[in-house]
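Chemist: Build me a model from this:
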Amino acid sequence: MVEVYPVKVCFYPCLSYLSVVNCRFKDYMIFARSLPIFLFLASLFLPAANAQQPRPYSGSGVMIIRPLQQVRPAGSAPIPFYRDPGVERIAERTPGAIPLLSSILRTPAGEYPVAVMGKKGNWMRIAYDDAGREGWVEMARWWEYTTWEDFLKGRFARLPPGLKKGVYALHAGPSETSPPTSLLSGQENLRLIDIRGDWVLVNSDSGFSGWLPWRDGDGRFQINLE
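Modeler: Residues are numbered from 1 along each chain as shown. Alright, predicted model coming up:
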């Protein structure tokens with residue numbers, strides 16, 4: 001009689017090996033099919049490394065939050081925010097945790113520049129988070145508020161890179177319909193002479209003089225202040 005058991009046994013390792021290979025192949029195919037979907041979803045939630053941050057809003061003026069002499073630093077004291085002036089507290093933030101104008105305005109250490117979006121007496125409406133939510137704060141006596149018309153005059157500024165080409169053109173008057181007179185580079189120092197709404201009269205290092213928009217139609221800055 002011929003024994004068949006050894007023949008059957010010798011096939012078991014082969015079948016087992018083929019099963020493992022087949023499973024691994026199926027896993028690979030599932031991974032290969034899922035990879036494009038994963039990459040697409042990742043592109044939606046992960047910001048680009050070189051994505052340009054949006055320019056800050058200007059509002060009606062700038063408020064400088066600074067410390068009172070011989071009192072704890074301004075950055076350590078939380079500021080209460082209200083839905084209306086003095087009515088219903090909605091948030092509390094330290095100055096360093098609220099959106100600042102530091103990207104376009106240099107200030108001494110310990111001072112915090114913020115854009116004021118509204119004003120009622122001694123109460124200022126400012127943003128308290130990066131989502132743009134706003135609240136009212138009561139201005140302390142040692143803080144300082146200045147309208148942009150008064151703040152910008154006499155200062156120096158530069159045009160940042162990456163703006164629309166038309167922003168770098170100087171105009172004969174404070175209007176887009178006014179004819180362009182010259183084209184600036186983003187490296188020139190500009191002295192701010194006069195303000196007319198969203199437009200500023202400048203003198204450049206290269207000797208040109210003319211008007212350009214210091215903020216866009218949405219109220220975002222188009223200049224960096226020195």
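Chemist: unless I'm mixing things up, Asn189 is touching Phe156, no?
Modeler: Yes - using C-beta atoms under 8 Å, Asn189 is in contact with Phe156, at 5.6 Å. All C-beta atoms are positioned from the backbone trio N, CA, C, and that covers glycine.
Chemist: any residues in contact with both of these two?
Modeler: Both Asn189 and Phe156 are contacted by Glu226, under the criterion C-beta atoms under 8 Å, 6 or more residues apart in numbering.
Chemist: measure Pro99 to Tyr112 for me?
Modeler: Remark: distance between Pro99 and Tyr112 (C-beta to C-beta, to the nearest Å) = 10 Å.
Chemist: do Glu134 as well
Modeler: Distance of Glu134 to Tyr112, given as C-beta to C-beta: 16 Å.
Chemist: Looking at these two, which is more packed in?
Modeler: Tyr112 (21 against 18; other C-beta atoms under 10 Å).
Chemist: Looks like the more buried one contacts Pro95 (just checking).
Modeler: Yes - shown here, Tyr112 and Pro95 form a contact pair, counting by C-beta under 8 Å, at 4.0 Å.
Chemist: Just the element for Glu149, please.
Modeler: Under the criterion of DSSP states H and E, Glu149 resides in helix 148-152.
Chemist: All the helices of this structure, residue numbers only.
Modeler: For the chain, the helices defined by DSSP state H cover 5-45, 148-152.
Chemist: Which of those has the lowest mean pLDDT?
Modeler: In terms of mean pLDDT, the lowest-scoring of the helices of the chain is helix 5-45 (a mean of 53).
Chemist: what residue ranges in the protein are flagged as low confidence?
Modeler: Applying pLDDT under 70 to the chain picks out residues 1-53, 69-76.
Chemist: let's see 90
Modeler: Within the chain, the segments meeting pLDDT under 90 span 1-55, 66-77, 109-110, 160-168, 184-188, 206, 226.
Chemist: count of neighbours near Ile64?
Modeler: Using other C-beta under 10 Å, Ile64 has 19 other residues around it.
Chemist: List the beta-bridge partners for it.
Modeler: Here Ile64 sits in beta bridges with Pro113, Glu144, going by DSSP bridges.
Chemist: pretty sure it is in contact with Val116, am I right?
Modeler: No - between Ile64 and Val116 there is no contact under C-beta under 8 Å: 10.6 Å.
Chemist: Give me the common contacts of these two.
Modeler: Counting by C-beta under 8 Å, 6+ apart, the residues touching both Ile64 and Val116 are Tyr145.
Chemist: Flag every buried residue along stretch 119-128.
Modeler: Lys119, Met124, Arg125, Ile126, Ala127, Tyr128 (16 or more other C-beta atoms under 10 Å).
Chemist: Measure how buried the nearest residue to Trp123 once chain neighbours are set aside is and give me the count.
Modeler: In this structure, Trp123 finds its nearest non-sequential neighbour in Pro85, 3.9 Å apart by C-beta to C-beta, 6 or more residues apart in numbering. By the criterion of other C-beta under 10 Å, Pro85 has 16 neighbours.
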